[in-house]
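Trainee: Predicted model follows, preceded by the sequence.
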Amino acid sequence: MIVLGISAFYHDSAAALIKDGDIVAAAQEERFTRIKHDSAFPAKAIEFCLRKAAVSLDDVDSIVFFEKPLVKFERLVETYLALAPKGFRSFREAMPLWLHEKFFQKRLLVEKLANGAGKQAKDAIRKKLLFSDHHLSHAASAFFPSPFEAAVILTLDGIGEWASSTIGTGRGNDIKIEREIAFPHSLGLLYSAFTAYLGFKVNSGEYKVMGLAPYGQPRFAQTIFKHMVDVKEDGSFRLDQSYFDYMGGFSMFSQKFCDLFGRPPREAEDALEQFHMDMAASIQRVIEEIVSKIMRALARDYRGIDNLCLAGGVALNCVSNGRLLREGYFKNIWVQPAAGDSGGALGAALAGYYLHHKKERDVFFGGDDMKGGLLGPTFTDEEIAARLAPLGARFEKCGDILSAAVEALISQKAVGWFQGAMEYGPRALGARSILADARAPDMQKNLNLKIKFRESFRPFAPSVLEEKAGEWFDLKTASPYMMFTAPVAEGRRGAIPAVTHVDFSARIQTVSSAANPLYHALLKKFEAMTGCPLILNTSFNVRGEPIVCTPEDAFRCFMGCDLDVLAIGNYILYKEQQDPALRHDHKNSFEAD
């Protein structure tokens with residue numbers, strides 16, 4: 001049984017393929033097109049998934065889209081009717097796209113999948129095409145790959161068809177959605193409104209708000225609770241829509257929002273002031289408090305179930321997730337690493353396999369079925385050499401790539417690390433990463449300004465040997481996907497300044513030999529030479545660029561910033577040995593996110 005899942009047409013389009021219950025391949029379209037958060041039909045991601053599985057579209061039994069477009073259209077129309085005549089301009093501008101394309105999305109999907117083939121091929125595809133529900137796709141992506149036979153499932157994001165939040169349970173090969181909160185009341189949209197107000201891009205800059213929050217004080221949190229959001233003891237909530245304009249306007253927030261805080265919105269390139277930091281701290285505190293109330297209620301209502309699964313864009317808030325771990329409402333928490341809309345493709349495929357086709361589920365106790373998130377393209381040494389040579393790259397085969405990389409790290413060099421299969425989801429996990437020595441005091445600033453070309457306040461994550469994590473961080477569980485923030489152990493804070501945030505926290509990736517043996521071996525070698533079992537890990541890209549996918553992407557990024565070394569497969573490249581004529585201004589190749 002082969003099932004292909006697709007998410008598309010909003011943001012972070014992706015494809016995923018399941019074969020007999022095994023997650024064979026999954027990738028975002030942006031990695032292939034080099035367009036950040038690409039929302040287009042994921043033709044290249046689908047092509048990759050089929051190629052990796054060594055099958056054709058004819059071999060696929062079902063194709064599952066991650067949401068129901070007609071239900072979403074119904075919500076759009078009902079919203080505009082409820083607001084009329086307000087929002088007519090927005091309605092007028094949205095309708096042509098819906099009537100030309102989105103309203104007929106099934107036909108569009110068939111045509112895209114057929115790729116010019118005739119009626120017979122289109123008819124065959126049409127018979128295979130299924131539609132999941134947006135939040136059911138999130139729930140499936142969270143529960144089915146988890147190591148749990150039974151779990152409570154919480155999904156939180158901006159908006160799907162109608163729901164913005166759902167609560168359900170998973171048992172064996174079944175999921176039941178039992179409660180939901182509907183649009184326009186949404187934690188994702190609440191956080192995005194503050195993201196926009198602070199001058200960052202919606203659906204892109206929310207993690208900047210999270211990173212900025214520790215620099216501020218949550219002095220506006222009670223103002224938000226008093227005026228904007230009404231939260232009940234069970235965690236259910238309602239937003240006062242007079243402060244927002246996303247229902248029928250062209251902005252996330254209204255003038256009343258600005259008046260409440262006494263300041264106009266920040267423009268994207270304006271200086272960040274203490275006010276903005278306090279606003280970030282305030283909305284972060286509000287989200288954490290609401291999610292914590294939801295957890296308390298779930299633990300009470302679902303006594304006897306010790307496991308929690310999370311997905312949806314809000315589940316990418318690793319600070320909130322870390323708080324949930326510490327509060328201990330559930331014994332075990334598992335977060336889908338591709339928790340946003342890209343993970344909807346995987347969830348759709350899993351929903352098709354287990355819920356539609358009723359296939360049996362084998363639970364991988366003690367781990368999960370995500371293969372460390374390493375589900376994307378991989379390249380042999382021969383392919384790497386064949387792709388680098390035409391670019392003019394000067395590279396050499398390295399007999400011991402681990403030792404070469406560790407020597408560079410100890411020498412305070414920044415290393416591009418391109419190994420194995422690319423990661424699925426927004427985090428670099430040691431396959432397409434930039435690595436550095438976390439002990440270096442100036443490394444955080446230098447990486448942000450000279451390599452990543454991004455805001456100086458942005459923190460970096462540590463990758464730590466799973467077996468040593470408890471010695472360096474107040475963390476009592478594995479965190480293989482960087483989904484939890486935890487305090488740095490008090491006696492270790494001065495030792496790893498490059499990954500210790502201003503509030504003494506870190507977003508941690510624990511690395512096991514089972515999930516990523518090569519990366520684990522690199523950390524072991526670094527520990528053997530330094531006594532430190534962790535290194536700084538950030539995504540291999542610059543600001544506004546998708547994480548690199550191919551050797552060509554890696555070389556262009558390497559030559560367009562101040563990276564010192566590129567370790568790609570068993571080849572090593574040193575910046576000083578490259579042709580200076582190949583240097584270029586990589587940061588201006590992509591729109592700032």
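Mentor: Sure thing, it's come through. Residues are numbered from 1 along each chain as shown.
Trainee: now for the longest helix along the chain, which elements pack on it?
Mentor: Counting residues, the longest helix found in the chain (DSSP state H) is helix 274-301. If contacts are counted by 3 or more CB pairs under 8 Å, 6 or more residues apart in numbering; DSSP states H and E, helix 274-301 sits against strand 150-156, helix 187-197, helix 206-212, helix 221-227, strand 229-231, helix 318-327. Every residue, glycine included, has its C-beta placed from N, CA and C.
Trainee: Looking at those, which is nearest to residue 586?
Mentor: In terms of CB to CB, the element of the helices and strands packed on helix 274-301 nearest to residue 586 is helix 206-212, at 20.3 Å.
Trainee: list the helices and strands that closest one packs on?
Mentor: On a contact count with 3+ CB pairs under 8 Å, 6+ apart, helix 206-212 meets helix 187-197, helix 274-301.
Trainee: Just name the most buried of those.
Mentor: Highest mean neighbour count among the helices and strands packed on helix 206-212 (mean count of other CB atoms under 10 Å): helix 187-197, with a mean of 23.
Trainee: Other residues contacting that helix?
Mentor: Helix 187-197 is touched from outside by 156-159, 164-165, 201-203, 205-206, 208-209, 228-229, 237, 239, 243-244, 246, 251-253, 257-258, 265-266, 279-280, 283, 286-287, 290-291, 312-314, 317, with contacts defined as CB atoms under 8 Å, 6 or more residues apart in numbering.
Trainee: Would you mind giving me the PyMOL syntax to select the buried ones in those?
Mentor: Buried residues within the contacts of helix 187-197, by 16 or more other CB atoms under 10 Å, are selected in PyMOL with:
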select buried, resi 156+157+158+159+164+165+201+202+203+205+206+208+209+228+229+237+239+243+244+246+252+253+257+265+266+279+280+283+286+287+290+291+312+313+314+317
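Trainee: Mind checking the helices and strands packed on helix 206-212 for the one nearest to residue 379?
Mentor: Nearest to residue 379, of the helices and strands packed on helix 206-212 and by CB to CB, is helix 187-197 at 35.6 Å.
Trainee: Give the rounded mean pLDDT of the closest one.
Mentor: Throughout helix 187-197, pLDDT has a mean value of 96.
Trainee: Report the inter-axis angle for it versus strand 150-156.
Mentor: 40 degrees (axes from the mean of the first three to the mean of the last three CA atoms, to 10 degrees).
Trainee: Please export the C-alpha coordinates of helix 187-197 as PDB.
Mentor: What follows is helix 187-197, C-alpha atoms only, in PDB (Å, rounded to 0.1, in the frame of the first residue of the first chain):
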ATOM      1  CA  LEU A 187      -3.800  31.300  19.400                       C
ATOM      2  CA  GLY A 188      -1.800  31.200  16.200                       C
ATOM      3  CA  LEU A 189      -3.500  34.300  14.800                       C
ATOM      4  CA  LEU A 190      -3.100  36.100  18.200                       C
ATOM      5  CA  TYR A 191       0.600  35.400  18.100                       C
ATOM      6  CA  SER A 192       0.800  36.400  14.400                       C
ATOM      7  CA  ALA A 193      -0.900  39.700  15.200                       C
ATOM      8  CA  PHE A 194       1.900  40.600  17.600                       C
ATOM      9  CA  THR A 195       4.400  39.300  15.100                       C
ATOM     10  CA  ALA A 196       3.100  41.800  12.500                       C
ATOM     11  CA  TYR A 197       2.800  44.600  15.100                       C
END
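Trainee: right, and residue 7 touches residue 344 too?
Mentor: Yes. Counting by CB atoms under 8 Å, residue 7 does reach residue 344; the two are 3.8 Å apart.
Trainee: what do these two both touch?
Mentor: Each of 14, 66-67, 137 lies in contact with both residue 7 and residue 344 under the rule CB under 8 Å, 6+ apart.
Trainee: Now pLDDT and distance to residue 581 too, for these, in CSV please.
Mentor: Formatted as CSV, those follow (pLDDT from 0 to 100; distance: CB to CB, whole Å):
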residue, pLDDT, distance to residue 581
14, 98, 37
66, 96, 45
67, 91, 48
137, 97, 48
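Trainee: Determine which two of these are furthest apart.
Mentor: Spatial extent of the shared contacts of residue 7 and residue 344 (CB to CB) is set by the pair 14 and 67 at 12.9 Å.
Trainee: and for those two, which residues touch both?
Mentor: Listed as contacting both residue 14 and residue 67 by CB under 8 Å, 6+ apart are 7, 344.
Trainee: Nearest to residue 381, out of the helices and strands packed on helix 206-212?
Mentor: Using CB to CB, the helices and strands packed on helix 206-212 put helix 187-197 closest to residue 381, at 42.2 Å.
Trainee: about what we covered before: please state the offset of the longest helix of the chain from the chain centre?
Mentor: 20 Å (CA atoms, centre = their mean, to the nearest Å).
Trainee: Relative to residue 384, tell me which of the helices and strands packed on helix 274-301 wins on proximity.
Mentor: Residue 384 sits nearest to helix 206-212 of all the helices and strands packed on helix 274-301, at 30.7 Å, using CB to CB.
Trainee: hang on, the earlier thing: which of the helices and strands packed on helix 206-212 sits closest to residue 178?
Mentor: helix 274-301 (9.5 Å).
Trainee: and stretch 49-65, which residues are buried?
Mentor: Using 16+ other CB under 10 Å as the test for burial, stretch 49-65 gives 49-50, 52-53, 55, 57, 60, 62-65.
Trainee: Now distance to residue 30 too, for those residues, in CSV please.
Mentor: Compiled in CSV, these are given as follows (distance: CB to CB, whole Å):
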residue, distance to residue 30
49, 15
50, 19
52, 18
53, 21
55, 24
57, 22
60, 23
62, 25
63, 21
64, 21
65, 19
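Trainee: from those residues, which is closest to residue 590?
Mentor: For the buried residues of stretch 49-65, the minimum distance to residue 590 (CB to CB) is 25.2 Å, reached by residue 49.
Trainee: what's the one helix or strand that closest one maps to in contact with?
Mentor: Here residue 49 is covered by helix 43-53, with elements defined by DSSP states H and E. Outside helix 43-53, the residues within contact range by CB under 8 Å, 6+ apart are 2, 4, 6, 13-17, 19, 24-29, 31-33, 56-57, 60, 112-113, 115, 345, 376-377.
Trainee: Any quick PyMOL command for the buried ones out of the residues you listed?
Mentor: In PyMOL, a selection of the buried entries from the contacts of helix 43-53 looks like this (16+ other CB under 10 Å):
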select buried, resi 2+4+6+13+14+15+16+17+19+24+25+26+27+28+29+31+32+33+57+60+112+113+345+376+377
